[in-house]
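Student: With the input below, show me the fold.
(2 chains)
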Amino acid sequence: MIEKPDKTVAESIHNKLKEKKLLKDSYLSGIVEKLSSGNISEEEWKLMAELSLENNEGKGDAEKN
Amino acid sequence: MPKRIEKLIIKDFRGATVPLELDFDKSKPMAMIFGENGTGKSTIVDAFDFICNQKYGSIEDRSSIKKKSHLPAIGKSKSDISVTLIFDNKEWKAQHMGTEPQTEPSDYPTANILRRNKILDLIDAPANERYKALAGFLSVPNIEKCENTLRNAILNQEREYNESTSAVTQAKEELVNLQNELKEGEKTTEEWSREVTEINEADLKKIIKDADEINALQEQYNIAKQQLTDAQKNLDERITAETKAKEELTAFKEKGTSKEDLQKLLDTAKTYFTQNENILQCPVCEQNIQSEEILKRLTRRLEEMASLTKLIEAVNQASREKATSEQIFKTRKDDFEQRAITLGQKIKEIKGAETETVENQIDYEKLLEELIKSNKTDAETAKDELAKYEKYKAYLNAQKETAEKKQKQQAAVKSLTESIKQKEEKSKKDAAIFARLKEYETIVPRERKQYTDNILAAVSSEVERLYQSIHPEEGLGGIRLYLKQNVRGSLEYDGVFQGTSGIPPQAYYSDAHLDTLGICMFLALAKHFNDKNTIIILDDVVTSADEAHRERFLKMLHDEADNFCHMIVTTHYRPWRDFYRIGGGPANKVQFIDLQLWTKEAGIRHSKSKLIIDELRALKDNITVDNRQSIASKSGILLEGMLDLLALRYGLKVPRRPLQQFELGILFDSLLKHKKHLKTIQENDDETKTEIEIKPLIEKLENMTFIRNQIGSHWNPDGSLLSDIQVKEFAENTIALCEALTCKVCGNLPNRDKSGSYWQCQCGKKQMYPQRMPS
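Tutor: As a prediction, this is how the structure comes out:
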C-alpha cells in the first residue's frame, strides 16, 4: 500500500545516529532492518548504548556533561 | 500502461450466492459500479478488502455480529469462500484459511478503500479516532514498537543508575561509620581512609611475624625446658633407684648366704631329703635328725639364695635405666640449649633492629647465659636481662596487637574504598548509558514525528488544492492537518471559514462540504503513499450534489484517477451515472458496471451500462416499429442533456423554474443569440485538427424537436405519420451534435478553462470556443 513508512523513518533515524556518531559501526549496518521490523528489545538498546560508549563513539551530551 | 485490474471472481462470499465474475476494462482508469441499495456493491468492495488487505470489509467494524460467521454467502461455510483477482496479468486467490484470510501468492496489490461511514471517522470523529482511520497511512507500528522498548530501556536504566548511585552513598556511609567506630573522627573520612590504606602492610606483617616467631620460639624453649626438667627428675630418680638396689644387694651379701657352692650343696641336700623320706640320721654327721624339719629349712634357705639373684638383676636393671635417663637428659639438655640459643639469637636479631633506650638494652650474652642456666637453681647472674626480655616480649606483643588491629582496619577500609570505587565506576557508566539512551530518545520519536509532520504538511497542501478545485471561491479551505502536541495517535485539523482561520470545519461546514473534505483528505493521503500497485476504491461516498459541485467533483476525481493504477467508484446515486450517459463526464475513460436487483437464487448480477449515444448508435441502424419511440425518446433526452450542459457552461438565460427543469424549446431559445459563436476543435491521432461549427447542427435539431414530442414523449396521431427515416435523422443529428461537442478520446464535454480563451476536455484533445459568450 505504502512505501514502507517504517523503513523510511528507520532510515532517517539511522542517518541521525550516524551523523551524531551515537552508534557503533557494526550496529549501524543493521539498525535500519531492526528498526523497520520492530526488533529492538530493551536489552539491545542498552547494549547499543553501552558499546557506543566503550568505543568512545560520538561525543554526545552525556560525555559533554 | 499502468497496472490495471482485469478480473474479479467472487465465490460464496457475502452476497455472491452464485459465483460472480466481473471483467474490468484495462484501458480505463476508472470503473463506476452503479447499483441501488442491496444490489451487491458492498460485497464487491468487501471482496477487494478480503483479497488485497486480508480484512473482512464493511462488517469489520460491526461489533454486534460474528464477522467470520457472516462472511460466507447464505448456506455456505468459511472454507467455501474464495476471491480471485487478476491484476496486471497476474492472478491471486484469497481464502479463509485457519483463523484469518490468506492471499496467495504474495506481492498482491493493496486496496485503499474509503467507505461512506469512514468519511465521518475522518471528519467528525475524535482526534484519536481520526488518527486510527488514517493509521494505515500515518502510523509506523514497528518504529513505535522500538520506541516503546527504548522508553522502557530508559526507565530501567534510570532505575539502575539510581540504585548504583545510592549504592555509592551507602558504601560511603559505611566508611564513615567505620571511621566513627574506630574513633578516628578528627580527620575527614577521605584523609583517614587514604592514610589507612597507605600504611605499609609489609611493616605490619613483619611486626606480627616477629612477635609470632618470638612467641613460637619461646614456647619451644619452654617445652624444651620442661622436658629437660623432667629428664633431670627422671635421672635423679634412676640414680636413687640404682643406689638403693646396690645397697640392698650389699646387705644381702653381708648375710653370707650368697655362696654358690653352698647353694649347690643345699640344692643337692634338698634333692636327697626329698627322695629319701623318713631319714632319722644325718648322712654327714650321723646325728639324729628330723628329715622333715631339715627339708623345710633347706627349702627356705634355697629361697633366700634366689632373692640374691633377683637383687643382682634389680641392680643391673637400675643401672640400665639410669644410663638411659642419662642419655635422655643429655639429649634434652642439648635440645634445651639449642632452643635457648635460637631464642636468644632471634631476640638479638629482632631487638637489634629496634631503637631502644639504654635501660632497655639487653646484654644478649648474659641473657643467653640466663636462658641456658635458668633451669638451674643457681642461675642468678643474668636475671636483669631476663626481666628486660620479658618487658620486651610484652612490648612486642602489644606491637603485634596494634599491627593486627591496623591490618584489620586497613583490610576493611580497603574493601570499602574498593567497593566505593567499583560502585562509582558503575554509577558513572550507568549515567553515561542513561544519557546515551536519552540521546536516542531525542532522535527516534523526533524522526517519527517529523516523518508524520512532513506527510501531514504535504497532504494538507494537497487536500487544500483538491478542495479548492471543488469549492473555489467559497471562503472555505485552508485545511491544515496536524498531530496533537504531546498526545500519541491524535490527528487534529482545522480550516478557514469565511476568512476566519483555525476553525474546526465540522462546526461550520455543511454535510456536503464535509463529505468532499473527507474524500479530499483520503485521496491526498492515498496519492502521497501511492506505489502504483494500489487500487483506490470509493465506496458510495457521494450522494447528492448540485450540478456545479458534481461536475467539479467529477473533474477532480478524473484528474486524480490518473495518479493511481485503477480507481473504482461505487454509487447508488443515479444522477451521477446519468451525468456520464449524456456526456457530462469523460465517459470514454470510465467503465460503467450496473448492478441489478439481487436475489438469493441469482446472486449478484451485473450488466455493462451503455452511454445513451452508444445506445442510439446501435438502435438507429435497426429502426423498427417497436423501437422508434425509444429512439426518439433517447434522442430527446440526450439532446436535452447536451443543451442543458451548454446552458450551464455559458450561463445562458433561461426562464425561472422551481425545479430547474428545462425542455428543449427553452434550451434552444437560450442559445438563440450565442449558437453562432460556438465551435469545437478536435485533435486527431494523426495530429490534424477537425473544426466543427455548432450552429448548423443546432439549427437542424431545432426543426426536429416535434419528432421527440410526437413520437418519444406523447401519444399523438401525427406521430404515426412521421417516417422511420425522420426518426433516424433526428437520432443521427442528435448524435452528430453530441459527437461535435464531446471528445472522441475521453468522451467528455469540454469543461476546463485553463487556457482562458476556450474550454477543453479532460484529456485536452477537444476544445470548445468561446470561453465566454460575447455580451
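Student: Only C-alpha atoms from now on, for both contacts and neighbour counts.
Tutor: Will do.
Student: in chain A, which ranges drop under the pLDDT threshold?
Tutor: Under the criterion pLDDT under 70, the flagged ranges of chain A are A:1-3, A:55-65.
Student: Next, work out how far apart residue B:207 and residue B:216 are.
Tutor: In this view, residue B:207 and residue B:216 are 14 Å apart by C-alpha to C-alpha, to the nearest Å.
Student: Comparing these two, which residue is more hemmed in?
Tutor: Each of residue B:207 and residue B:216 has its neighbours counted (other C-alpha atoms under 10 Å in any protein chain shown); residue B:207 has more, 20 against 13.
Student: List the contacts of the closest residue to the more buried one other than its chain neighbours.
Tutor: Spatial nearest neighbour of residue B:207, chain neighbours left out: residue B:400 (5.8 Å); criterion: C-alpha to C-alpha, 6 or more residues apart in numbering or on different chains. The contact partners of residue B:400, by C-alpha atoms under 8 Å, 6 or more residues apart in numbering or on different chains, come to B:204, B:207, B:208, B:211.
Student: May I see those residues organised as CSV, with pLDDT and secondary structure added?
Tutor: Shown next, in CSV, are the contacts of residue B:400 (pLDDT from 0 to 100; DSSP: H, G, I helix; E, B strand; the rest coil):
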residue, pLDDT, secondary structure
B:204, 90, helix
B:207, 90, helix
B:208, 92, helix
B:211, 90, helix
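Student: The residue nearest to residue B:207 is in what secondary structure piece?
Tutor: Taking DSSP states H and E as the criterion, residue B:400 maps to helix B:383-470.
Student: Now stretch B:618-634: average pLDDT?
Tutor: The average pLDDT within stretch B:618-634 is 86.
Student: Enumerate the positions of that stretch that are buried.
Tutor: B:619, B:620, B:623, B:628, B:629, B:630, B:631, B:632, B:633, B:634 (16 or more other C-alpha atoms under 10 Å in any protein chain shown).
Student: Can I get it as CSV, trimmed to CA atoms?
Tutor: This file holds the C-alpha atoms of stretch B:618-634, laid out as CSV (Å, rounded to 0.1, in the frame of the first residue of the first chain):
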residue,chain,number,x,y,z
ALA,B,618,-27.0,0.8,-32.1
LEU,B,619,-30.7,1.5,-32.3
LYS,B,620,-30.9,3.9,-35.2
ASP,B,621,-29.5,1.5,-37.8
ASN,B,622,-32.1,-1.1,-36.8
ILE,B,623,-35.1,1.0,-36.5
THR,B,624,-38.4,-0.9,-36.2
VAL,B,625,-41.9,-0.2,-35.3
ASP,B,626,-41.1,-1.3,-31.8
ASN,B,627,-38.1,0.9,-31.1
ARG,B,628,-38.8,4.2,-33.0
GLN,B,629,-40.4,5.6,-29.8
SER,B,630,-37.4,4.6,-27.8
ILE,B,631,-35.1,6.2,-30.4
ALA,B,632,-37.0,9.4,-30.4
SER,B,633,-37.1,9.5,-26.6
LYS,B,634,-33.4,8.7,-26.1
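Student: if we look at that stretch, which residues are touching it?
Tutor: Applying C-alpha under 8 Å, 6+ apart, the contact partners of stretch B:618-634 are B:612, B:616, B:707-708, B:711-713, B:724, B:727-728, B:730-732.
Student: re earlier: out of the contacts of residue B:400, the closest to residue B:173 would be?
Tutor: residue B:204 (27.1 Å; C-alpha to C-alpha).
Student: what's the distance between that closest one and chain A?
Tutor: Going from residue B:204 to chain A by C-alpha to the nearest C-alpha, to the nearest Å gives 40 Å.
Student: before we move on, the earlier item: dump the buried residues of stretch B:618-634 to a markdown table, plus secondary structure and distance to residue B:653.
Tutor: Below are the buried residues of stretch B:618-634 laid out as a markdown table (DSSP: H, G, I helix; E, B strand; the rest coil; distance: C-alpha to C-alpha, whole Å):
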| residue | secondary structure | distance to residue B:653 |
| --- | --- | --- |
| B:619 | helix | 34 |
| B:620 | helix | 33 |
| B:623 | coil | 36 |
| B:628 | helix | 33 |
| B:629 | helix | 31 |
| B:630 | helix | 30 |
| B:631 | helix | 29 |
| B:632 | helix | 27 |
| B:633 | helix | 25 |
| B:634 | helix | 25 |
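Student: can you redo those as TSV with distance to residue B:678?
Tutor: Converted to TSV, those look like this (distance: C-alpha to C-alpha, whole Å):
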residue	distance to residue B:678
B:619	29
B:620	27
B:623	32
B:628	31
B:629	30
B:630	29
B:631	27
B:632	25
B:633	26
B:634	24
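Student: Out of the residues you listed, flag the one nearest to chain A.
Tutor: residue B:634 (43.3 Å; C-alpha to the nearest C-alpha).
Student: the helices in the stretch 651-775 of chain B, which residues?
Tutor: Taking DSSP state H, counting those that start in this stretch as the test, the helices found in the stretch 651-775 of chain B are B:664-670, B:695-702, B:705-707, B:717-721, B:724-741.
Student: Contact partners for the residue in chain B positioned nearest to chain A?
Tutor: Relative to chain A, the nearest point of chain B is residue B:142 (4.0 Å; C-alpha to the nearest C-alpha). Residue B:142 is in contact with A:6, A:35, A:36, A:37, A:38, A:39, counting by C-alpha under 8 Å, 6+ apart.
Student: Just the ones in helices from the residues you listed, please.
Tutor: The members of the contacts of residue B:142 that map onto helices under DSSP state H are A:6, A:35, A:36.
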